[in-house]
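J.: sequence unknown, structure follows:
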């Protein structure tokens, strides 16, 4: 009877008894914060406990990733983590964690393509025309991004590597100044997040010539993916995953994954994410683990081949 009782108890689903900390590697008010604040109250409904956002900005998200990696694997500390600290930064500078060994990945929150924008003065209405300009003037075509080591830079570097072109990277401390200088004509091209780009394109202040996903983006009808403009197989997207420390018990992983998927299936959240250009697809912890591994290997190759440094 004791054995039966122990077995039954082991199969009981995990139910948290105190608030859960959701670690975020960026400051309040940005795009990552908006995702966290949308997600947290919906997950609370499934988990039965508050989900409290804990801001740990700095080092491109690596401080937050380290906080998650070194926490107790009890389900009470998880992170909303993007690709920079997991698939890009570890190739360029020393970090205290291993993206493929230090975490329990709990699920994919969203994937987000970028859009390639040009100033109206640039005589390019599609990607091939832009590449022709870059080949005619190697290093003279400048592009802005939200910062060194960002997915925006990596998308541009992947394009350069796949097309043997040279573009001049001009990094900024955030998306707003990067887009402001594009509108001013100080830079000619920008690799940008979808949401802030939409009103600029609609107003004619900039022009969209390509998107970085394998599929078209509804926000930019008629704008073809880079892969459909002569660069076969091209795909570069940002993403968020939920991650916990390595060694989280299976029942905790299942519970948090179920809470995440329930939140992502909420119509209001889905509609909001999709309107911002995000691809929302509830899935498994295994799918999140695979996504991190694929991009870790992909961006590692690009960083080595392009001899990139982020300092």
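T.: Looks like it came in fine. On a predicted model such as this, the values are computed, not experimentally measured, just so you know.
J.: buried sites along stretch 12-31?
T.: Using 16 or more other CB atoms under 10 Å as the test for burial, stretch 12-31 gives 14, 16, 20, 21, 22, 23, 24, 25, 26, 30, 31. Heads up, the C-betas are built off the backbone N, CA and C, glycines and all.
J.: mean confidence for that stretch?
T.: The pLDDT scores in stretch 12-31 average 91.
J.: show me what whichever strand or helix holds residue 291 is packed up against.
T.: Secondary structure from DSSP states H and E places residue 291 in helix 285-305. Contact analysis of helix 285-305 by 3 or more CB pairs under 8 Å, 6 or more residues apart in numbering; DSSP states H and E lists helix 83, strand 103-118, helix 151-163, strand 237-245 as its packing neighbours.
J.: so for the helix or strand just after the longest one, what's the average pLDDT?
T.: For strand 103-118, the following helix or strand on the C-terminal side (DSSP H and E) is helix 127-136. For helix 127-136, mean pLDDT is 96.
J.: same thing with stretch 154-168?
T.: On average, stretch 154-168 scores 95.
J.: so which of the helices and strands packed on helix 285-305 comes closest to residue 213?
T.: Residue 213 sits nearest to strand 103-118 of all those, at 3.4 Å, using CB to CB.
J.: just how off-centre is the closest one within its chain?
T.: 3 Å (CA atoms, centre = their mean, to the nearest Å).
J.: related to what we said a few turns ago, can you redo the buried residues of stretch 12-31 as CSV with distance to residue 244 and secondary structure?
T.: Output for the buried residues of stretch 12-31, formatted as CSV (distance: CB to CB, whole Å; DSSP: H, G, I helix; E, B strand; the rest coil):
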residue, distance to residue 244, secondary structure
14, 12, coil
16, 12, coil
20, 10, strand
21, 11, strand
22, 11, strand
23, 10, strand
24, 14, strand
25, 15, coil
26, 19, coil
30, 23, coil
31, 22, helix
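J.: and the residue nearest to residue 231 when sequence neighbours are not counted, how many neighbours?
T.: Excluding its sequence neighbours, the residue lying closest to residue 231 (CB to CB, 6 or more residues apart in numbering) is residue 162, at 5.3 Å. By other CB atoms under 10 Å, the residues close to residue 162 number 16.
J.: residue 162 touches residue 229, doesn't it?
T.: No. In this structure, residue 162 is not within contact of residue 229 by CB atoms under 8 Å, at 11.5 Å.
J.: point out where the chain drops to low pLDDT.
T.: 1-11 (pLDDT under 70).
J.: next, count neighbours for residue 136.
T.: 9.
J.: I misspoke; the intended subject was residue 215.
T.: Neighbours of residue 215 under the rule other CB under 10 Å: 12.
J.: from here on, count from 51
T.: Yes, from this point I'll number from 51; that puts the last item at residue 265.
J.: that one in helix, strand or coil?
T.: coil (DSSP: H, G, I helix; E, B strand; the rest coil).
J.: distance of it relative to residue 178?
T.: Look at residue 265 and residue 178: by CB to CB, to the nearest Å, they are 20 Å apart.
J.: mind listing what's buried along the helix holding residue 341?
T.: Result for helix 335-355 [16+ other CB under 10 Å]: buried residues 335, 337, 338, 339, 341, 342, 345, 346, 348, 349, 352, 353.
J.: ok, so of the buried residues of stretch 62-81, who is nearest residue 160?
T.: Nearest to residue 160, judged by CB to CB, of these is residue 81 at 10.6 Å.
J.: show me what contacts the closest one?
T.: 225, 243, 245 (CB atoms under 8 Å, 6 or more residues apart in numbering).
J.: just the ones in helices from these, please.
T.: Under the assignment DSSP state H, the contacts of residue 81 contribute 225, 245 to helices.
J.: rebuild the contacts of residue 81 as a markdown table, extending it with distance to residue 308.
T.: Shown next, in a markdown table, are the contacts of residue 81 (distance: CB to CB, whole Å):
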| residue | distance to residue 308 |
| --- | --- |
| 225 | 33 |
| 243 | 29 |
| 245 | 28 |
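J.: let's see if you can find the most crowded of the contacts of residue 81.
T.: Among the contacts of residue 81, residue 243 has the most neighbours (other CB under 10 Å), with 24 neighbours.
J.: who's it bridged to?
T.: Residue 243 has the following beta-bridge partners by DSSP bridges: residue 164.
J.: these two touch, right, it and residue 269?
T.: No. Using CB under 8 Å, residue 243 is not in contact with residue 269, being 11.0 Å away.
J.: who touches both of the two?
T.: residue 327.
J.: returning to what we had before: of the buried residues of stretch 62-81, which is the nearest to residue 300?
T.: Using CB to CB, the buried residues of stretch 62-81 come closest to residue 300 at residue 64, 9.3 Å.
J.: contacting residues for that closest one?
T.: By CB under 8 Å, 6+ apart, the neighbours of residue 64 are 125, 299, 301, 302, 304, 305.
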